[in-house]
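[1] make a model of this:
(one chain, ligands or ions: 1)
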Amino acid sequence: MVEGPHAPVAPAADSATQQPQTESPTERQVERQIEHQTQAQIVALQAATTIEPGTDESDDGYGTDYDSRASTSISSSVRDYAFEHGRRYHQYRAGQYQFPNDEPEQEREDMKHSMVVHLCGGKLHYAPLKNPQQIIDLGTGTGIWAIDMGDEYPSAQVLGTDLSPIQPSFLPPNVRFMVDDAESPWFSAPDSLDFVHARNMCAAIKDWPQLLSQAYTCLKPGGWVEIQDPHYQARCDDGTMNEDYPVAKFFNTVKEGLAVFGVDLLGAKKNADLLRDAGFTNVEEKVFKIPIGVWPRNKTMKLIGLYMRSVIYDGLQAISLGPFTRGLHWTPEEIEVFLISVRKALMNQATHSYVTFHVVYGQKPGES
Ligand SMILES: C[S@@+](CC[C@H](N)C(=O)[O-])C[C@H]1O[C@@H](n2cnc3c(N)ncnc32)[C@H](O)[C@@H]1O
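    Got it, this is the predicted structure:
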């Protein structure tokens, strides 16, 4: 599993510059607390409050390994896949999901996994699980979360389902994958699951209440559901983002394109209410900030920002092709012209933009 950042914060100043003995106990207490905080806690705190920008606008070397991948790799299997504008898509329930499933897209999904796990201080989930036995990951993608969960809970059985058969076959013995549509009736029996997990699915699922109703039915009493999703609206706390920020326009156009297919890209903010409406109790929500770019001062936030910028930059074509051409009837050429300003804006460190990330979990009532 991707380890969370555990490096201690910079050591306190040396004895020559240390505060004299006369400092107030409160200051010493605070200093000691800061010394003992892990980097992960600082990241979580910043991510949940205000991200401090760095002092310069250079990339600090973070941009030097940057490598955009707009090319497409063609799989040997054409039977299971559909192709459009040079990208590969799922064939089972074709057209249900608007984004490719080819190698560049899978690499991007794994990068997103690293980003989210760093953001969450190494945690794979926030629901307070106790010895879970049956876990399902809806829309598992490359299966990276399911595999990590299998390692973390060796006595649990983890099932990842997806429209695309893109998961690896070399697996921990307690992890398996199945091609299935999460919006169709599930194979899981009522009262059989301990944990239902769905991450980065806001751009995929059309009918969340229906999905959550199935989760409720299939969970054991006392079982947990958790949804983790970004809210793709560009934000800024310090006035450095212009009204016509191209990245904001990009997100908005993706939202419009997905709306044509009945998908709400900005659904993340509704998830806590949806869980309550579905009958779940003990519903909790955690909101983090994901910087776009390497503008934060904190090293881990900077890394998370680099991940996010790469996830968007590398995915500009993959993200826009489906929603813009299928949904809004743009031509691929129109998309390319539009993306020029988005690429430029993404690399501009003077704009301290971010999106929020919403972790929501709730419990099926009853004795576990
Ligand atoms: C953005 S990826 C997220 C992957 C994974 N959850 C993660 O966070 O690493 C969305 C995945 O959901 C899958 N998907 C979309 N709609 C689906 C559906 N109705 N049923 C099952 N999988 C679906 C896609 O094929 C894709 O692999």
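[2] from here on, contacts and neighbour counts on C-alpha atoms
    Will do.
[3] starting at the chain centroid, how far to the helix or strand containing Val342?
    Using DSSP states H and E, Val342 sits within helix 332-346. Counting by C-alpha atoms, centre = their mean, to the nearest Å, helix 332-346 is centred 23 Å from the centre of its parent chain.
[4] again with stretch 132-148
    Taking C-alpha atoms, centre = their mean, one finds stretch 132-148 lying 14 Å from the centre of the chain it belongs to.
[5] for stretch 259-271, same thing?
    Worked out by C-alpha atoms, centre = their mean, stretch 259-271 lies 15 Å from the chain centre.
[6] pLDDT on that stretch, on average?
    Per-region confidence: stretch 259-271 scores 98 on mean pLDDT.
[7] mind listing what's buried in it?
    Ala259, Phe261, Val263, Asp264, Leu265, Leu266, Gly267, Ala268, Lys269, Asn271 (16 or more other C-alpha atoms under 10 Å).
[8] ok, the residues you listed vs Asp80, which is closest?
    Of all those, Phe261 has the smallest distance to Asp80: 22.4 Å, by C-alpha to C-alpha.
[9] three-state assignment of the closest one?
    What DSSP: H, G, I helix; E, B strand; the rest coil gives for Phe261 is coil.
[10] so who does it touch?
    Residues counted as contacts of Phe261 (C-alpha atoms under 8 Å, 6 or more residues apart in numbering) are Lys206, Gly327.
[11] could you check how far it is from the ligand?
    12 Å (C-alpha to the nearest ligand atom, to the nearest Å).
[12] how about stretch 206-213 as CSV, C-alpha atoms only?
    Once non-C-alpha atoms are left out, stretch 206-213 reads as follows in CSV (Å, rounded to 0.1, in the frame of the first residue of the first chain):
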residue,chain,number,x,y,z
LYS,A,206,-26.4,8.3,-12.5
ASP,A,207,-28.8,7.1,-9.8
TRP,A,208,-27.1,7.4,-6.4
PRO,A,209,-30.3,6.9,-4.3
GLN,A,210,-30.9,3.6,-6.1
LEU,A,211,-27.2,2.5,-5.6
LEU,A,212,-27.4,3.4,-1.9
SER,A,213,-30.6,1.5,-1.5
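[13] how far does that stretch sit from its chain's centre?
    In this view, stretch 206-213 has its centroid 20 Å away from the chain centroid, taken as C-alpha atoms, centre = their mean.
[14] longest helix in this protein, by residue count?
    Selection of the longest helix in the chain by residue count, based on DSSP state H, yields helix 299-320.
[15] what angle separates that one from helix 332-346?
    With axes from the mean of the first three to the mean of the last three C-alpha atoms, to 10 degrees applied, the angle from helix 299-320 to helix 332-346 works out at 170 degrees.
[16] what packs against helix 299-320?
    helix 39-48, helix 103-119, strand 281-291, helix 332-346 (3 or more C-alpha pairs under 8 Å, 6 or more residues apart in numbering; DSSP states H and E).
[17] following the helix holding Val342, which helix or strand shows up next?
    Following helix 332-346 toward the C-terminus (DSSP H and E): strand 353-363.
[18] for this structure, which residues are neighbours of the ligand?
    For the chain, the residues in contact with the ligand (C-alpha under 6 Å from any ligand atom) are 97, 109, 113, 138-141, 161-164, 180-183, 198-201, 204-205.
[19] end to end, how far does stretch 249-269 reach?
    Using C-alpha to C-alpha, to the nearest Å, the end-to-end distance of stretch 249-269 comes to 19 Å.
[20] so which of the residues of the chain next to the ligand are in helices?
    Judged by DSSP H, these include Glu109, His113 as members of helices.
[21] ok, the longest strand along the chain: who's next to it in the sheet?
    Ordering each strand of the chain by length in residues (DSSP state E) puts strand 219-236 first. Sheet pairing here is set by DSSP bridges, and for strand 219-236 it gives strand 193-199 (parallel), strand 353-363 (antiparallel).
[22] and these as a markdown table, adding mean pLDDT and mean neighbour count?
    Output for the strands paired with strand 219-236, formatted as a markdown table (pLDDT from 0 to 100; neighbours: other C-alpha atoms under 10 Å):
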| stretch | mean pLDDT | mean neighbour count |
| --- | --- | --- |
| strand 193-199 | 98 | 22 |
| strand 353-363 | 98 | 24 |
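[23] need these in TSV (columns: distance to Arg93).
    Formatted as TSV, these follow (distance: least, C-alpha to C-alpha, whole Å):
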stretch	distance to Arg93
strand 193-199	19
strand 353-363	28
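[24] which one, of those strands, ends up nearest to Gln91?
    strand 193-199 (21.4 Å).
[25] can I get the CA coordinates of that closest one in PDB?
    Presented in PDB, the C-alpha positions along strand 193-199 are these (Å, rounded to 0.1, in the frame of the first residue of the first chain):
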ATOM      1  CA  LEU A 193     -21.500  -7.200   3.300                       C
ATOM      2  CA  ASP A 194     -19.500  -5.400   6.000                       C
ATOM      3  CA  PHE A 195     -18.300  -2.600   3.900                       C
ATOM      4  CA  VAL A 196     -19.400  -1.000   0.600                       C
ATOM      5  CA  HIS A 197     -16.900   1.400  -0.900                       C
ATOM      6  CA  ALA A 198     -17.100   3.700  -3.900                       C
ATOM      7  CA  ARG A 199     -14.300   6.200  -4.800                       C
END
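[26] ok and it relative to helix 103-119, angle-wise?
    110 degrees.
[27] thanks a lot, see you next time.
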